[in-house]
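Engineer: Give me the fold of what follows.
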Amino acid sequence: MIPVDGRAIYGLWLRDTKRFLRTPSRIVGSLATPLLFLVFMGVGFQGAAIPGLPEDVDYLQYLVPGIVGFTMLFGASFAGLSILADQDVGFLKEILVAPVSRTSIVLGRIAGGSTTALVQALLILGLSVPLGFEPASYLSMPLALVFLVLLAVTFVGFGIALASQFSDSEGFGLIVQFVIFPLFFLSGALYPLEGLPGSIRYAAYANPLTYGVDGLRAVLVGTSSFPVLVDFGALLVSSAAMVAIGAFLFERVEAV
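Structural biologist: Just a heads-up that it's a prediction; the model follows:
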């Protein structure tokens, strides 16, 4: 068994990061949907009576962590598209036949996808400040970064696992969008989970994004549905599980 190769991980991370940063249109496009949600809902529902919303929390303050979480979900899951793009140009075949382990390849792609998703999320967080968002404490930003990293790893792993089962980007894009929006709406990103019916609420509790949004809300706004340690533990488990599943499924990809 070929051991994990740090140079291969670094090389794939560097390639994905440079490709993202050198494509301004991709950066702007990845921010458009989250920013629309933030502007229209954050401003449109300002002062509205939202069932379950804490009395001392403005809706924009409540919404921003949810939109940041959505940005991570959207950007990280579509990291799988880069694998299919590499398959189309033949680069995937080259790295699959290289003398490095499939685990190294998966870890490199997860590192690159997580970095690009983090850039997108931090840009959205920065753009929310002029709209009126103010973190409870800027000292909490390192904790927020921990939750963002765990969210990124979880959903990049998910994207890689899903992409490994497809040979065309069109089919992958349809399925990933079909998965993304239910996860988003069942995460408490837009409205408190307490207002959901019991059966749907249980489905929300099985959603990793629920704990990511709640953890971000706890450290950035000072309100949450679960203890921070519960959010952290759930994300730690989900990120480890997605990395393992992504590595397992990628091991079965043929170099053809």
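Engineer: When you work out contacts or count neighbours from here on, use the C-alpha atoms and nothing else.
Structural biologist: Fine.
Engineer: burial count for Tyr138?
Structural biologist: 11 (other CA atoms under 10 Å).
Engineer: Sorry, slip of the keys, the one I care about is Leu174.
Structural biologist: Neighbour number of Leu174 under other CA under 10 Å is 10.
Engineer: Can you tell me the number of residues neighbouring the closest residue to Phe250 other than its chain neighbours?
Structural biologist: Once flanking residues are discounted, Phe250 sits nearest to Ser164: 5.8 Å by CA to CA, 6 or more residues apart in numbering. Neighbour count of Ser164, defined by other CA under 10 Å: 21.
Engineer: Angles on the backbone of Ser164, please.
Structural biologist: With angles defined as degrees, to the nearest 10, Ser164 sits at phi -70, psi -20.
Engineer: ditto for Asp58
Structural biologist: The phi/psi pair for Asp58 (degrees, to the nearest 10) is phi -70, psi 150.
Engineer: neighbours around it, how many?
Structural biologist: 17.
Engineer: what does the one 10 residues further on give?
Structural biologist: Counted by other CA under 10 Å, the residues lying close to Val68 total 27.
Engineer: all helices for the protein, in order.
Structural biologist: With helices called from DSSP state H, the chain shows them at 6-21, 24-44, 59-77, 79-89, 91-96, 102-131, 141-163, 169-185, 198-205, 208-220, 228-250.
Engineer: Show me which helix or strand of this structure is least confident by mean pLDDT.
Structural biologist: Every helix and strand of the chain was ranked by mean pLDDT, DSSP states H and E. The lowest is helix 91-96, at a mean of 70.
Engineer: so where's the chain uncertain?
Structural biologist: Counting by pLDDT under 70, the low-confidence segments of the chain come to 1-3, 45-49, 51-52, 92, 96, 253-256.
Engineer: mind running it again at 90?
Structural biologist: 1-63, 70-114, 116-117, 119-120, 126-141, 155-204, 222-225, 242-256 (pLDDT under 90).
Engineer: rewinding a little: quick one: the residue nearest to Phe250 and Leu249 touch, right?
Structural biologist: Yes: assessed by CA atoms under 8 Å, Ser164 is found in contact with Leu249 at 6.5 Å.
Engineer: and the closest residue to Gly108 other than its chain neighbours, how far is that from Asp88?
Structural biologist: Leaving aside its sequence neighbours, Gly108 sits nearest to Ile9 (CA to CA, 6+ apart; 3.9 Å). Ile9 sits at a distance of 21 Å from Asp88 (criterion: CA to CA, to the nearest Å).
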